[in-house]
Each structure stands twice: as C-alpha cells, then as structure tokens.
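>>> Fold the following for me, if possible:
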Amino acid sequence: MAGAVFLEGDNVDLRTIEEEDIEFLRDNINRPEIRKNIGHRGPANLDQEKDFFEEVVSSDEGTHLAITRKGESDMVGIISLEPKSEGVAEIGIWISPEHHGKGFGTEASELLIEHGFNRERLHRIHARVFQKNEKSKSVWEKLGFTHEGTQREDYFDDGKFWDTEIYGLLEDEWN
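Okay, here's the model as predicted:
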C-alpha cells in the first residue's frame, strides 16, 4: 500500500515513504546520474537502504517524503528537510533521470519550502549544490534562493576536486 499524501500540488504529491519503497530507493541511489549529484560514494544494497529507511526516514528528525505524480503512488524521487539548528534546515532532493525536465523537482521543492516556513516555523532553508549540477542550481535560483558562497574544492569526482555551492532562503524572502 502506498504512503499517505502529506502535501498536494498541482502536478505532484508528496507522500510518506513506506517500506515498499525501499527497492526504488536502492535502485535509484545506485544510478550514476543520482549518486554523483548527492555525494553518495559506494554501492548501496537492500539491507543498507533498509537501514536508511529505519534510521533516517523513520526517525523523528527531519521530513522525508516521496515525490509522486499527482494522484499516483509510484515514486519519481525523494525530498527532505533536515534540521541543522534552531529554525534552520537543509533541503535536499533527487529525481529519477527519466523524470527530469518535467518540473517535478521545482514544484516538490516549492511545496516543502512552503511547509517548512508556514508549518515548521523555519527561519532559514539552505541547499548545497555540487558545482557541476546546473539543473539543481537553476531550481534554487528560480525559487528565490540566494547564492551565499562556495566551499572550494569540497568534493572529489571524475578524478578531480569540485566546489560546492551554498544557496539560502530566509522566511521573509519567501513569496
């Protein structure tokens, strides 16, 4: 049985992640197009994804939701808000490559940002983006985030070190 819809949008729903979704998570976290953009290094097997589900998704820390097409239960990605300090959270998202370019990431992010500011009483939401991930940068810029800085040569991929870009949004800048 699919998870319960938590936030509804025009084209996407954000629902709870359930145990039946673990295989989708495992299959996608192992895809090069996803893992290299979120900094996941090694392979993840089913037991490791079960641990992620139990220790992270099912914990009381943070908000972790499945992204689905409106009215459907199959996942197209995952989105999270991780608390960093009082009133501050980091947003993270990935979408399966076959669903890129359809606006799902932007709409899902908008829904979760709205929830974070209006329901969780967050003051600031930030995102980390690896230098080569232009699509992610454009989502945050489109949603009003400000480029706040660069962590120089912060991660290693494809035989060299790359920068991590930091984007931030304050509550009073939203809408």
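>>> Surely residue 113 touches residue 127?
No: with contact defined as CB atoms under 8 Å, residue 113 does not count as touching residue 127 (10.0 Å). In this view, the C-beta of every residue, glycine as well, is placed from N, C-alpha and C.
>>> Pull up the overlap in contacts between these two.
residue 91 (CB atoms under 8 Å, 6 or more residues apart in numbering).
>>> between the two, which one's more packed in?
Neighbours were counted for residue 113 and for residue 127 using other CB atoms under 10 Å; residue 113 has more, 25 against 22.
>>> what about stretch 10-27, average pLDDT?
For stretch 10-27, the mean per-residue pLDDT is 94.
>>> Now do the same contact list for residue 69.
So residue 69 contacts 11, 12, 13, 76, 104 (CB under 8 Å, 6+ apart).
>>> go with 6 Å
With contacts taken as CB atoms under 6 Å, 6 or more residues apart in numbering, residue 69 has no neighbouring residues.
>>> Please tell me how far it sits from residue 104.
As judged by CB to CB, to the nearest Å, residue 69 and residue 104 stand 8 Å apart.
>>> Please apply the same query to residue 169.
Taking CB to CB, one finds residue 169 at 20 Å from residue 104.
>>> repeat for residue 117
In terms of CB to CB, residue 117 sits 21 Å off from residue 104.
>>> again with residue 71
In terms of CB to CB, residue 71 sits 14 Å off from residue 104.
>>> give me the low-pLDDT residue ranges for the chain?
1, 40-41 (pLDDT under 70).
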